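[1] quick one, fold the following:
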Amino acid sequence: MAIAQLSSRIDSVKIYSAGATVARVADLPLTSAELPEKVEIPGLPLALDDSSVRVRVEVDRGTSPIAGDVRIGLAVPPPPEILPPLLDEEVRLAKAEVRQLKDVIALIENEIRVLNQLQVPDRPDAELGIAPPPSPMSARLALANFSDEQIRARIQEKRETQEKLRQAQEHLDDLLQKQAHASTARVVRPNELRKTAVVSLSYEGTPPIEQVSRLVVEYFVPGARWTPTYVCRLNSVESSASIAVRALICQRTGEDWSGVHLELSTAEPMAWCALPELASLRLGRSQPVPRKTGWRRPPIGAEILFEDFDTHKQVAIASLPQHDAITNIFSPKVPPLPNLVPTQLKGRGVSTPQPSMATEYEVFTTELSVGKYADDDFCELEALRATPDETSRSPLARRARTVPLAARGGEDIILPQRQRRQANQTATPEEYSTDLFAYGLMRMGAANDLAKRGKLSIEQRHEVYLEILKRQEVIVNFDVMHVVQQAVANAQSCRQLRLPSGGINVRKLAGSFDYAYSADGRVDVSSDGQFHSVALTSNSTQVDLRYIVVPREDTNVFRIAQLHNPLQAPLLSGSADVYVDGEYILSTNIATVPPKGQMELGLSVEQAIKVARNTSYEEVRSGNTMVAFNELRHKINIDITNYLTREAKIEVRERLPIPQEGAKVDVQIDRVTPDWEKYEQEERQKPIQCGYRWRLQVPAKDKTSLSVQYTIKTFVDSELIDGNRREE
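    This is a model prediction of the structure:
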């Protein structure tokens, strides 16, 4: 059966405190002439969690196909374009050209060697009594010049030929590299591996012609985290503010997110959630509560489904020659076992070979299904997942905890006793129970396999991963499981990355409630393991600008902006950059603000408002009797000048002396202009005593004054610690 490959794109991403859920969308063409039964979505990251893959089909109109079985495997991208058949001829010509140039260079070197050996003959010796012959000087010079010129010409020709040889060798190397790539295009490299999802589709009726449908694949990947940050822009003229919610996002999932809808969540990504079950109240005679079961028995008589197959197979074998060869086609090859005797599996009614006691082999079976349909086994395992409290009472669960590690394949496995003991030593009950929920690893045996047919068997994960690679006919020379585990480790490494300044763990801060924050537009986040600032949304709100001064401690007036949270979700704690009238003021950390709650931002000192605090002191004896008192009279005057072009709401805080408990000292307020109110500093969760404050509005370009008089009474023979004068 041909499998249609679909190209997909990332449409949306939801990021949690650790990890993210990615949704890919692929166009699914459905016409009345072509209805694919299986489709494949390649190019998925290696770090994704196989058990988290969810698939659905969306259509604009009509009946949508049903996405059934989903299998996760490993695949490689399609091979490069096949080179033209003239490549071998080009390589042959390039090699011939290289050989020819090398022969020319060798010939030139031989000629240079010959010319170097060319020497001018010496002058012949004279005979006795006869004068020597004259030396042919011109011929000697001509021969020497000829040798030098020819050598120089050969050297120049050799240089030119070597340059041609270099170019020809480079051309040959390029052709050889193309030829090598063409011959090894089906050899997989670790960096080419990607996960792929094979989805089975079922149809109800005939879809309309040219129906528009989409296949949505969702999966969870580790290696993503986020922390909030904000930008507050205040407009003092309009008394308004805009709060831009941003996020610092780090992801190393193995795939870049380009143009995706982004949503940030504070929830746990893989936590088990279930609605509470409300107990019913009944009046009348008490009835026994029905016991819940976490499993159900598989149907009996599955072998009957294969009677027609066995009958027709025997007829086909009998009607064809070469009986042994045909038998090998229908029956899997099983190595002979020593001293096997047939025995009966308990409660199954299926015979299976069993070794005798004389051999040192033993047979182990998982007994994980003889079901009428594959759905029965899925329902049985789904019931185990739905009611984990009943799992311990399930015979299936008890068998799963005692089955050997080597028997996970769901078939009769023959192991020597020594290997069986080693398998039992390395296996743990958690591994068995985990495999019970590995739906993606289950395979239904073929009808011609007597040991597996009608049964769901759990395959090893690496065998499942290699299924599609085998179908692609590629060569794998490395451990695929190690590559997958390395990809998961690389993805999780970003969780160890230190948060930026002011960053928080959103899961711990959210507490018992979960919130989601959506981006207004599509965003891009690269998979480089670094934090990137991403804009989510921006909302406007009204701002109440007021001023606070504590002249007893400092005469500087501080600006305080009170804003309302414009979001339906809380503003989580995080760093915030504050701008006032387009000018950067400061960076601060804000506390968590509930939905529609209020928040305050300190905006440093307002230079256009001046405050002066003046004090006066007078000490007076209250009488001439034996029991007389000293009255320590203090007067405080506070002058406020507003140089702003608008009215300013100012809060002036003051505090009076506090007598110690048991001290014979009395503090009495004489006069306050204008009236003030008590202030105990409850909003800071640090209460104080004898605190007061004025709340007033100072008009633009105007001045106002505040005053308070109080008296401290003590005995004449007593004195306050640090002096009677309380104000400086």
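[2] quick one: the strands in the stretch 401-550 of the chain, in order.
    With DSSP state E, counting those that start in this stretch as the criterion, the stretch 401-550 of the chain has strands at 413-416, 442-444, 456-458, 516-525, 532-550.
[3] please name every helix or strand in contact with the longest one.
    Secondary-structure packing of strand 532-550 (3 or more CB pairs under 8 Å, 6 or more residues apart in numbering; DSSP states H and E): strand 224-235, strand 240-251, strand 257-265, strand 516-525, strand 554-564, strand 609-621, strand 648-655. C-beta coordinates here come from the backbone N, C-alpha and C atoms, glycine included.
[4] now render the strands of the stretch 401-550 of the chain as JSON lines, adding mean pLDDT, mean neighbour count and distance to residue 306.
    Formatted as JSON lines, the strands of the stretch 401-550 of the chain follow (pLDDT from 0 to 100; neighbours: other CB atoms under 10 Å; distance: least, CB to CB, whole Å):
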{"stretch": "strand 413-416", "mean pLDDT": "32", "mean neighbour count": "16", "distance to residue 306": "22"}
{"stretch": "strand 442-444", "mean pLDDT": "77", "mean neighbour count": "19", "distance to residue 306": "12"}
{"stretch": "strand 456-458", "mean pLDDT": "77", "mean neighbour count": "22", "distance to residue 306": "15"}
{"stretch": "strand 516-525", "mean pLDDT": "92", "mean neighbour count": "16", "distance to residue 306": "51"}
{"stretch": "strand 532-550", "mean pLDDT": "90", "mean neighbour count": "17", "distance to residue 306": "58"}
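[5] how many residues are close by residue 609?
    20 (other CB atoms under 10 Å).
[6] so, low pLDDT: which residues of the stretch 151-300 of the chain?
    Low-confidence segments of the stretch 151-300 of the chain (pLDDT under 70): 181-186, 205-212, 292-299.
[7] which residue ranges of the chain form helices?
    With DSSP state H, the ranges of helices along the chain come out as 87-117, 137-183, 307-319, 323-330, 374-386, 395-402, 417-426, 429-435, 461-471, 480-492, 506-510.
[8] please enumerate residues in contact with the shortest one?
    For helix 506-510, the surrounding residues in contact (CB atoms under 8 Å, 6 or more residues apart in numbering) are 16-18, 226-228, 264, 266-268, 572-573, 592.
[9] just how off-centre is that helix within its chain?
    18 Å (CA atoms, centre = their mean, to the nearest Å).
[10] which secondary element of this protein has the worst mean pLDDT?
    When the helices and strands of the chain are compared on mean pLDDT, DSSP states H and E, strand 361-364 comes out lowest with a mean of 30.
[11] which strand residues bridge residue 653?
    Counting by DSSP bridges, residue 653 is bridged to residue 693.
[12] again with residue 574
    residue 590.
[13] hang on, isn't it packed against residue 501?
    No - counting by CB atoms under 8 Å, residue 574 sits too far from residue 501 to count as a contact (10.4 Å).
[14] which of these two has more neighbours?
    Comparing residue 574 with residue 501 by other CB under 10 Å, the one with more neighbours is residue 574, at 23 against 9.
[15] separation between the more buried one and residue 264?
    To residue 264, residue 574 is 12 Å away according to CB to CB, to the nearest Å.
[16] could you do residue 138 as well?
    99 Å.
[17] report the residue spans of the stretch 1-150 of the chain with pLDDT below the cut-off.
    For the stretch 1-150 of the chain, applying pLDDT under 70 flags the ranges 1-2, 31-33, 62, 79-86.
[18] per the annotation, how does this structure divide into domains?
    87-122+143-183, 302-368+370-454, 608-728 (automatic domain parsing).
[19] quick one on the thing from earlier: mean neighbour count, the helices and strands packed on strand 532-550: which tops it?
    Most buried of the helices and strands packed on strand 532-550 by mean neighbour count (mean count of other CB atoms under 10 Å) is strand 224-235; its value is a mean of 23.
[20] what packs against that strand?
    Partner elements for strand 224-235 (3+ CB pairs under 8 Å, 6+ apart): strand 8-15, strand 240-251, helix 506-510, strand 532-550, strand 554-564, strand 574-580.
[21] how about 6 Å then?
    Here strand 224-235 touches strand 240-251, strand 574-580, going by 3 or more CB pairs under 6 Å, 6 or more residues apart in numbering; DSSP states H and E.
[22] dump these to a markdown table, plus distance to residue 612.
    Output for the helices and strands packed on strand 224-235, formatted as a markdown table (distance: least, CB to CB, whole Å):
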| stretch | distance to residue 612 |
| --- | --- |
| strand 240-251 | 31 |
| strand 574-580 | 25 |
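[23] what's the local residue count around residue 68?
    Residue 68 has 13 nearby residues by other CB under 10 Å.
[24] is the spatially closest residue to it that is not a sequence neighbour bridged to anything, and to what?
    In space, and not counting its chain neighbours, residue 68 is closest to residue 200: 4.5 Å by CB to CB, 6 or more residues apart in numbering. Legend: beta-bridge partners of residue 200 under DSSP bridges are residue 38.
[25] quick one: residue 200 and residue 448, what's the gap?
    21 Å.
[26] who's more crowded, these two?
    residue 200 (18 against 15).
[27] ok, that one - contacts?
    38, 68, 69 (CB atoms under 6 Å, 6 or more residues apart in numbering).
[28] name the nearest residue to the last one, ignoring sequence neighbours.
    Meaning residue 69. Leaving out its chain neighbours, the residue that sits closest to residue 69 by CB to CB, 6+ apart is residue 200, at 4.2 Å.
[29] now swap in residue 172 and tell me
    Computed as CB to CB, 6+ apart, the closest residue to residue 172 that is not its neighbour in sequence is residue 94, at 4.1 Å.
[30] that neighbour and residue 170 touch, don't they?
    No - using CB atoms under 6 Å, residue 94 makes no contact with residue 170, being 9.9 Å away.
[31] who has more neighbours out of the two?
    Taking other CB under 10 Å, residue 94 and residue 170 do not tie; residue 94 has more neighbours (19 against 11).
[32] residue 590 versus that one, what's the distance?
    For residue 94, the distance to residue 590 - CB to CB - is 70 Å.
[33] and for residue 313?
    75 Å.
[34] the more surrounded of these two?
    residue 590 (22 against 18).
[35] and the pLDDT for that one?
    The model reports residue 590 with a pLDDT of 87.
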